[in-house]
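**Student:** Model the following, please.
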Amino acid sequence: MIIDDSLRKFGDYVLLMRRVFTRPDRWREFFKRYIAEIYKLGIDSIPIVITISVFIGAVIAIQMQKNVVSPLIPAYAVGLATRDVILLEFSSSILCLILAGKVGSNIASEIGTMRVTEQIDALEIMGVNSANLLILPKIAAMVSFIPVLVVFSMASGITGGYLIAQFTDIISVSKYIYGLQSFFVEYYIWQAIFKALFFAFVISSVASYYGYRVKGGALEVGQASTDSVVVSSVIVLLLDVILTQILF
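**Tutor:** Just a heads-up that it's a prediction; the model follows:
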């Protein structure tokens, strides 16, 4: 029963995406909505991305110094480990899990409210492709802006570790910076951005699907918002395993 329901939803999702990825009827309206979504989904997410990344970077630096104690491990390993954890996993996978809660729920509730208030039905009656009009700008904005959020997260996380080195005696600033520079692999940055593009598409498209297909009232909109966050988070984690295996 669960498998049949999942297959039905997947087929419905594919059909919806086929309607979404068509040529917009009015390009001016598309770009207007695209810019608005950039601000709402992307720029408005920068403060929470920076805040969380700074604290995570600080915690990673503290944990590494306090718990990885061995005469065989050089002191600069704290900076090296903080950098690699931030670049490899946090700034792509964990960041997108956080955004699934913030951005995904926002998209699902917005489109779901339009559905239950019959605004989408009115667009369909007027002959407008509502899926293309409402969903495509959100997906395009999220996918195109996610590299910016990833870069902000990387810089903020590394800065968090630097602040610990600067204002505590856990590790010296010189050793932390030396660790950041040691064995640096530029590919890690591009890998994180590449994975985040897939995650951003999943978050925006799954949230849009659950909001677009909601039926009922305010209670069902809330349930759809919750379901979108759960499903997109699971898919992000599954994709993370698959893409990491492929990219490495």
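**Student:** so where do the helices sit in this structure?
**Tutor:** 2-20, 27-37, 46-67, 77-85, 95-99, 105-116, 119-125, 130-167, 173-181, 187-212, 218-247 (DSSP state H).
**Student:** residue contacts, the spatially most central residue of the chain?
**Tutor:** For the chain, the residue nearest the mean C-alpha position is residue 96 (2.6 Å; CA atoms, centre = their mean). By CB atoms under 8 Å, 6 or more residues apart in numbering, the contact set of residue 96 is 146, 196, 199-200, 203, 236. For glycine as for every other residue, the C-beta is placed from the backbone atoms N, C-alpha and C.
**Student:** Look up how far residue 108 lies from it.
**Tutor:** Plainly put, residue 96 is 16 Å away from residue 108 if you go by CB to CB, to the nearest Å.
**Student:** Give me the neighbour count for the closest residue in space to residue 170 that isn't next to it in sequence.
**Tutor:** Closest residue to residue 170 apart from its sequence neighbours, by CB to CB, 6 or more residues apart in numbering: residue 65 at 4.8 Å. With neighbours defined by other CB atoms under 10 Å, the count for residue 65 comes to 21.
**Student:** Compute the distance between residue 65 and residue 74, please.
**Tutor:** 12 Å.
**Student:** cool, residue 33 as well?
**Tutor:** For residue 33, the distance to residue 74 (CB to CB) stands at 52 Å.
**Student:** The two: which has the busier surroundings?
**Tutor:** Legend: neighbour count by other CB under 10 Å for residue 33 and residue 74, higher for residue 33 (19 against 13).
**Student:** thought the more buried one was touching residue 139?
**Tutor:** No. Using CB atoms under 8 Å, residue 33 makes no contact with residue 139, being 11.3 Å away.
**Student:** what comes up buried for the one helix or strand in the chain whose mean pLDDT sits lowest?
**Tutor:** In the chain, no helix or strand scores lower on mean pLDDT, DSSP states H and E than helix 2-20, which sits at a mean of 82. By neighbour count on 16 or more other CB atoms under 10 Å, the buried set for helix 2-20 is 13, 16-17, 20.
**Student:** just stretch 175-192 next, same as before
**Tutor:** Quick answer for stretch 175-192 (16+ other CB under 10 Å): 175-176, 179-180, 188-189, 191-192.
**Student:** quick check, nearest of these to residue 49?
**Tutor:** For the buried residues of stretch 175-192, the minimum distance to residue 49 (CB to CB) is 13.4 Å, reached by residue 192.
**Student:** can you pull the pLDDT of that closest one?
**Tutor:** In this model, residue 192 is scored at 91, pLDDT.
**Student:** Can you get me a residue count around the closest residue to it other than its chain neighbours?
**Tutor:** In space, and not counting its chain neighbours, residue 192 is closest to residue 92: 4.0 Å by CB to CB, 6+ apart. Residue 92 is flanked by 30 other residues according to other CB under 10 Å.
**Student:** What of residue 57?
**Tutor:** By other CB under 10 Å, 28 other residues sit near residue 57.
**Student:** cool, residue 66 as well?
**Tutor:** Neighbours of residue 66 (other CB under 10 Å): 10.
**Student:** least reliable of the helices of the chain going by mean pLDDT?
**Tutor:** helix 2-20 (a mean of 82).
**Student:** what packs against that helix?
**Tutor:** helix 130-167, helix 187-212 (3 or more CB pairs under 8 Å, 6 or more residues apart in numbering; DSSP states H and E).
**Student:** now do 10 Å
**Tutor:** Judged by 3 or more CB pairs under 10 Å, 6 or more residues apart in numbering; DSSP states H and E, helix 2-20 is in contact with helix 130-167, helix 187-212, helix 218-247.
**Student:** Sweet, I'm off.
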